[in-house]
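Engineer: got a predicted structure plus its sequence, pasted below:
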Amino acid sequence: MDINILFELFSQLSEAIIIEKDGVTVFENNAFKKLFPVTDSLSGFVPAELLESDAARVNTCVEFDGKIYSLSIYKIEEYRFYIIVEGKSEEKADFDFLATVNEAMRSPLATLSSAANMMIPIIENSGNDILSKNLAAIYKNYFKLLRLSNNISGFAEMRSHSTKLHLNCVDLLSLCGNLVDTVSLLTKERGVKIWYKTSLTSANVLADFDNIEYVLLNLLSNSLNHTMVGDDITVSVSRSNDYFIVTVTDTGTGVASNVIPSLFEPRLTRKLLSDPEQGLGMGLAYSRYLISCHGGSMVIESREKQGTTVKFTLPVYKSSDTLADAPIRYGENGLTPVLTELSDILSIDCFDAKYLD
């Protein structure tokens, strides 16, 4: 590889690029100098676990000085290439409108839920299958609207950095294992096998249980949306030094390389208008944000027609950490989180009264 030719090529690009060899900076283009005029080092910008990673390719999103950047890392021979793109400006007007709609939507959603709950015993006692199917359709669409509303609220949290964590000692092994069992049961008709693997005997983290459950459900939802009959999804938990690593891998359709850098951008898309089934297109961005709030990081690796791997880290729980509340057991929130986050995937039969909280 003629590195000098690459240097000449990269010097003309608008993306910020810095190249290291054996941990020493050997090249930085003008775009990098413009973004980071006072430093030639990635220390403090790139998470430490990524600097130490041996992966041939990593894509993620990092926050630095109040701004969001898309980061791609490539390892070629003895060189490591870091390509940095500043996140696009937020569509404030669109979001403000959606936020207003979301506030107006919350009250009808609560009323719809209450009315449907009151109908359950009446319809069950009637033995009328047609009424039962229609009630299930009401619930399915209720959860889809609730998911949309939650997405808008999550985007607001990212913009304002207003997330409040309710920290507990969470058993990561139990959470992952039980969630895989539940999702496998509800989606078995799709013909996609979901595996859970770990060699660990314990994995406790100080975390907001609901947030971590959301992240796992979002990753499983993405994998299920990009897999077909005969494909596999594997959830695994491992440890590296002071971090636990949760990995979700699928053998599905994968993601085009030119799309990957934008997956973590915290922005609303117009996917909702062209494809209502796919929501706002910000689930990965919100998931990455929640993991960063816990002191971890998230990366994605994907190849078209070969599948996708998403990894996130969480700091190992230390006995000196202070708990805010009593530990939460998996399932205390019922199936509501699963029915909500997988509402675009689950069949209508999953919204039968027996599955409802």
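Structural biologist: On my side now, so go ahead.
Engineer: gap between Ile83 and Phe27?
Structural biologist: Counting by C-beta to C-beta, to the nearest Å, the gap between Ile83 and Phe27 amounts to 12 Å. Heads up, the C-betas are built off the backbone N, CA and C, glycines and all.
Engineer: overlap in contacts of the two?
Structural biologist: By C-beta atoms under 8 Å, 6 or more residues apart in numbering, Ile83 and Phe27 have these common neighbours: Ile17.
Engineer: which element follows the worst-scoring helix or strand of the chain on mean pLDDT toward the C-terminus?
Structural biologist: Lowest on mean pLDDT, DSSP states H and E among the helices and strands of the chain sits helix 271-274, with a mean of 43. Where DSSP states H and E defines the elements, the next helix or strand beyond helix 271-274 is helix 283-293.
Engineer: give me the contact list for that next one.
Structural biologist: Outside of helix 283-293, the residues within contact range by C-beta under 8 Å, 6+ apart are 60-61, 63, 151, 154-155, 157-158, 163, 165, 208, 211-212, 214-215, 218-219, 221-222, 263-267, 297-298, 300, 310, 312-314.
Engineer: then it to PDB, C-alphas only?
Structural biologist: As requested, C-alpha coordinates have been extracted for helix 283-293 and formatted as PDB (Å, rounded to 0.1, in the frame of the first residue of the first chain):
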ATOM      1  CA  GLY A 283     -34.000   3.900  17.700                       C
ATOM      2  CA  LEU A 284     -30.200   3.200  17.400                       C
ATOM      3  CA  ALA A 285     -29.400   6.900  18.100                       C
ATOM      4  CA  TYR A 286     -31.500   6.800  21.300                       C
ATOM      5  CA  SER A 287     -30.000   3.500  22.300                       C
ATOM      6  CA  ARG A 288     -26.500   4.700  21.900                       C
ATOM      7  CA  TYR A 289     -27.400   7.800  23.900                       C
ATOM      8  CA  LEU A 290     -28.800   5.800  26.800                       C
ATOM      9  CA  ILE A 291     -25.700   3.600  26.900                       C
ATOM     10  CA  SER A 292     -23.500   6.700  26.900                       C
ATOM     11  CA  CYS A 293     -25.500   7.900  29.900                       C
END
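Engineer: which strands and helices sit next to the next helix-or-strand element following it?
Structural biologist: Helices and strands here follow DSSP H and E; after helix 283-293, the next one along the chain is strand 298-303. Counting contacts by 3 or more C-beta pairs under 8 Å, 6 or more residues apart in numbering; DSSP states H and E, the secondary-structure elements packed against strand 298-303 are strand 57-64, helix 283-293, strand 307-315.
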